[in-house]
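Chemist: Sharing a model prediction with you, sequence too.
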Amino acid sequence: MFGLRKYILFFLITLYAFSLNANEEIISNTEVIVVDGDTIKFNNKKIRLHGIDTPEIKQICKNNKYEDYKCGIKAKLALINLINKHKIKCLINGKDRYKRLIGTCFIKDLNINSWLVKNGWALAYRKYSTIYTDEEDWAKINLKGLWQGEFIEPWKWRKK
């Protein structure tokens, strides 16, 4: 009997821990700081955009003329220009291994995560979600952002 109670208690604590911050809605009431192409910070919370991955800040890609450019910086600038002092709403659905909140963020009805992929500055991060694969296919066909040249997927670049 004692073993069963211990198991149930462990299960409930684990369930509670996983539910923390899940489905929480956060609205920016402070300036939004863009950390990199897929991470923002506001209200003292760091939020990793769900289902996408952008080049790292130090990552170099090739443009359509095969010239090097700082694609991680370009992805960050695309996000900075999109946000441009707008209020942001993020729907949080968990935390990552770095304790960042994971969320889908919006400017009014515009899904920021989706916009970054559709404009070619982010890739669908299939390891965690396939939600933005259609946007990625569209960006690739229309040679948007990164798709104008050559690049290494961010998850492969990080392993170098």
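Modeler: Structure received.
Chemist: residue ranges for the strands of this structure, please.
Modeler: Counting by DSSP state E, one finds strands in the chain at the ranges 24-27, 33-36, 39-42, 45-49, 52-53, 61-62, 68-69, 89-95, 101-107, 110-111, 123-124.
Chemist: which of the ones you listed is buried the deepest?
Modeler: strand 52-53 (a mean of 26; mean count of other Cβ atoms under 10 Å). Bear in mind the C-beta positions are built from the backbone N, C-alpha and C, glycine included.
Chemist: ok, back up a step: tell me which of the strands of the chain lies nearest to Leu143.
Modeler: Between Leu143 and these, the shortest gap by Cβ to Cβ is with strand 61-62, which sits at 13.2 Å.
Chemist: what packs against the closest one?
Modeler: Packed against strand 61-62 by the contact rule (3 or more Cβ pairs under 8 Å, 6 or more residues apart in numbering; DSSP states H and E) you find strand 68-69.
Chemist: give me that answer again for 10 Å
Modeler: strand 68-69, helix 71-83 (3 or more Cβ pairs under 10 Å, 6 or more residues apart in numbering; DSSP states H and E).
Chemist: so can I have a markdown table of those showing distance to Phe151 and mean pLDDT?
Modeler: Putting these into a markdown table (distance: least, Cβ to Cβ, whole Å; pLDDT from 0 to 100) gives the following:
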| stretch | distance to Phe151 | mean pLDDT |
| --- | --- | --- |
| strand 68-69 | 10 | 98 |
| helix 71-83 | 6 | 99 |
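Chemist: For the spatially most central residue of the chain, give me its contacts.
Modeler: A centroid search over the chain (Cα atoms, centre = their mean) returns Leu49, at 2.3 Å, as the residue closest to the centre. When contacts are counted by Cβ atoms under 10 Å, 6 or more residues apart in numbering, Leu49 is found next to 36-40, 79, 90, 100, 102-105, 111-114, 116-117, 122, 125, 132.
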